[in-house]
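**Q** sequence and predicted structure are below.
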Amino acid sequence: MTNSSKLHDTTLLHAAIYGVRTNRPTFKTVIFRQGLNIVLAERTKHSTKKDSRNGLGKSTLIEIIHFCLGAGTTKGEGLIVPSLSGWSFSLDMRLRDQPISVTRFVDEPTRFYIDADTSSWPIQPTPDKSGQYCYTAKEWTALLGALLFGLPTKSYDKKYHPSFRSLISYFIRRGRDAFSTPFEHFRKQHEWDKQVSNSFLLGLAWEDASDWQVLREKKSLLDDLKRASHAGIIGDVMQESLGELQATKVRLESIVQHGETDMATFRVHPQYRQIEDRANQLTAMIHKATNSNVSDRQMLGYYQASMDDIPESMADEVITLYEEAGVALPGSTRRQLTEVQEFHHRILENRKRFLSSEIERLKREIGDREATIREWSDERAGILGILKTHRALDEYTQLQQLHLKSVNELHSIDNRIDNLRRFEEGKSSLRIEEELLRKRARNDLDDRQAKRDRAIAIFNGNSEALYEAPGNLVIDLKSTGFNFDVEIKRSGSQGIECMKVFCYDLMLAEMWSHQEPSPGFLIHDSTIFDGVDERQRALALELAAKKSVEHGFQYICTLNSDMIPWKEFTTGFNLKTYVRLTLTDANESDSLLGIRF
């Protein structure tokens, strides 16, 4: 990946960016130097009102630098678009006092090809299939973290820690949202990332910021448990008292103990149901036989009463009746009555024989039934004795299920007691842990007062250079961890807010310029000057030019030509000498890429 056209300014003391190149001839190669560097977008005399400098490549240049420094990519966004297929972008830099070049391809963004002597680097590149040495994105960002910020190449022990991509984004802000506040490089940046990154960059104990985040997570977990309890998601654990739960536990323990005893003495007969069915059958048969005997005894009584009511003869009664009436019966009549009497006598005899036969039958059947009832009763008594000492398997199963239900309720109570205890202990230990962390962080902040005071002094000096009244950088501790804020008089307008970011970033660049390793550069898009008064723009550019030379770092800024306050600069300050590249809207070839995409 050697390119003889690479230029290197060996007077730079820290890491620096020499230039940006591509593999396409239409691209406007840009070469940077020490101190102030301006990339200018200029309106041409022939352009119309419809022409715009937006899209000339100012923001694209910053995107390319991030791209070569390991920024994540998404297909169809940024540089990963079909119109740039086949393109590669190269960044010429100074790392560890030696020139290097890194190249990344749009069509293969997962690899970073290196042209440099890497023998002293903590992470070595590996050859790809073609033999060219390269890094993966993870390896490259880990290496840059070590070479630019002194980060370890291996993972931190702490879950929340500084990362190269987050730290470098304070030195190369991109996108309008990156300029909304000094302490965030994108909107809705995680609080832990904001605290960890800024405390690291300011030379404070970022480990305390990391521990604050762990503490916040613990508090959040307890709050979630409490909310879930109130919502009924995990029951009403947090709304119960420990005493109530323990009383319930004692009651359930007694139920479980009795259940275990019942199950231990439970005797199951393998044919319980068949025996139970036989007992029921015998009971029905006994009831039926008893009912039959009751009916037969009623019939027997009726038959016995009928036997007692049968007369001996009715013929003499008829004769006596006629005589008493004074009627003389002739002889033939008397003979006929005798015949009637004999006939009636036969009828009575037949009735007696029938009743006697029925009475004997009923007595016999009643006796047989009584004997059968005694047999059935004896058999049923034996069966009931078995049922009394044995029980059915399904009854045992039901008893077992009831026992298991009680056991589960007891386990649930144990868990609720444990959760409530842990919740109460968690709240107590959290308060202790929070107080210890606050004390430790406060002591550590006091121990690093010199670094804190230096950062505050530099920031205040920067703001005073712009507004003739010192601003104020606030670095303190609150209940949620580190508290960072900036104040500049007349704040509230968009311009003032952007200048807060400028003063803060310039302070970071100055502080890091005296450390080794160091990024060695600060890059701003023209957005930093949106809404800023011309006088402050001029002062800011002059301040950046002065400090970048005094402290040996690069300040790179993209500007629109109509943003330059030519009349406000101090006599002798010539901004044109710092312009490294001019882009115009005359035609596509005068844009950064030489094409519109």
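**A** Nice, thanks for sending it over.
**Q** and stretch 169-180, which residues are buried?
**A** The neighbour-count check on stretch 169-180 (16 or more other C-beta atoms under 10 Å) flags 169, 170, 171, 172, 173, 174, 175, 178, 179, 180 as buried. Where C-beta positions appear, they are placed from N, C-alpha and C, glycine not excepted.
**Q** for the third one, give me its contacts.
**A** Remark: with contacts taken as C-beta atoms under 8 Å, 6 or more residues apart in numbering, residue 171 is in contact with 505, 508, 509, 519, 521, 522, 523.
**Q** could I have stretch 30-40 exported to PDB, CA atoms only?
**A** Extracted C-alpha coordinates of stretch 30-40, given in PDB (Å, rounded to 0.1, in the frame of the first residue of the first chain):
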ATOM      1  CA  VAL A  30      -5.700  17.200   1.200                       C
ATOM      2  CA  ILE A  31      -2.400  17.700   3.100                       C
ATOM      3  CA  PHE A  32      -2.500  19.000   6.700                       C
ATOM      4  CA  ARG A  33       0.300  20.700   8.600                       C
ATOM      5  CA  GLN A  34       1.000  21.600  12.200                       C
ATOM      6  CA  GLY A  35      -1.200  24.300  13.800                       C
ATOM      7  CA  LEU A  36      -4.300  25.700  12.100                       C
ATOM      8  CA  ASN A  37      -5.700  24.000   8.900                       C
ATOM      9  CA  ILE A  38      -8.700  25.300   7.000                       C
ATOM     10  CA  VAL A  39     -10.700  23.400   4.400                       C
ATOM     11  CA  LEU A  40     -12.700  26.100   2.600                       C
END
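**Q** could you check how far it is from the centre of its chain?
**A** Counting by C-alpha atoms, centre = their mean, to the nearest Å, stretch 30-40 is centred 47 Å from the centre of its parent chain.
**Q** continuing past the lengthiest helix in the chain, what's the next helix or strand?
**A** Counting residues, the longest helix found in the chain (DSSP state H) is helix 331-389. Tracing the chain C-terminally past helix 331-389 and defining elements by DSSP states H and E, one meets helix 393-447 next.
**Q** that older thread, okay if I get the buried residues of stretch 169-180 as CSV plus pLDDT, secondary structure and distance to residue 434?
**A** Shown next, in CSV, are these (pLDDT from 0 to 100; DSSP: H, G, I helix; E, B strand; the rest coil; distance: C-beta to C-beta, whole Å):
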residue, pLDDT, secondary structure, distance to residue 434
169, 97, coil, 30
170, 98, coil, 28
171, 98, coil, 33
172, 98, strand, 36
173, 96, coil, 33
174, 92, coil, 36
175, 89, coil, 35
178, 94, helix, 32
179, 93, helix, 34
180, 92, coil, 30
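**Q** ok, which pair from those is furthest apart?
**A** The span of these, defined through C-beta to C-beta, is set by 171 and 180 at 17.0 Å.
**Q** please tell me how far residue 364 sits from residue 155.
**A** Counting by C-beta to C-beta, to the nearest Å, the separation of residue 364 from residue 155 is 105 Å.
**Q** point out where the stretch 51-200 of the chain drops to low pLDDT.
**A** The model of the stretch 51-200 of the chain has pLDDT under 70 over residues 51-54.
**Q** before we move on, the earlier item: including secondary structure and pLDDT, could the contacts of residue 171 go into JSON lines?
**A** Formatted as JSON lines, those follow (DSSP: H, G, I helix; E, B strand; the rest coil; pLDDT from 0 to 100):
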{"residue": "505", "secondary structure": "helix", "pLDDT": "98"}
{"residue": "508", "secondary structure": "helix", "pLDDT": "98"}
{"residue": "509", "secondary structure": "helix", "pLDDT": "97"}
{"residue": "519", "secondary structure": "coil", "pLDDT": "94"}
{"residue": "521", "secondary structure": "strand", "pLDDT": "97"}
{"residue": "522", "secondary structure": "strand", "pLDDT": "98"}
{"residue": "523", "secondary structure": "strand", "pLDDT": "98"}
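**Q** farthest-separated two in these?
**A** Between any two of the contacts of residue 171 (C-beta to C-beta), the greatest distance is 12.2 Å, for 508 and 523.
**Q** would you map out the domains in the protein?
**A** If you go by automatic domain parsing, the domain ranges for the chain are 16-204+448-590, 206-267+391-447, 272-390.
**Q** among these, which is the most enclosed?
**A** Greatest average neighbour count among the domains of the chain goes to domain 16-204+448-590 (a mean of 18), per mean count of other C-beta atoms under 10 Å.
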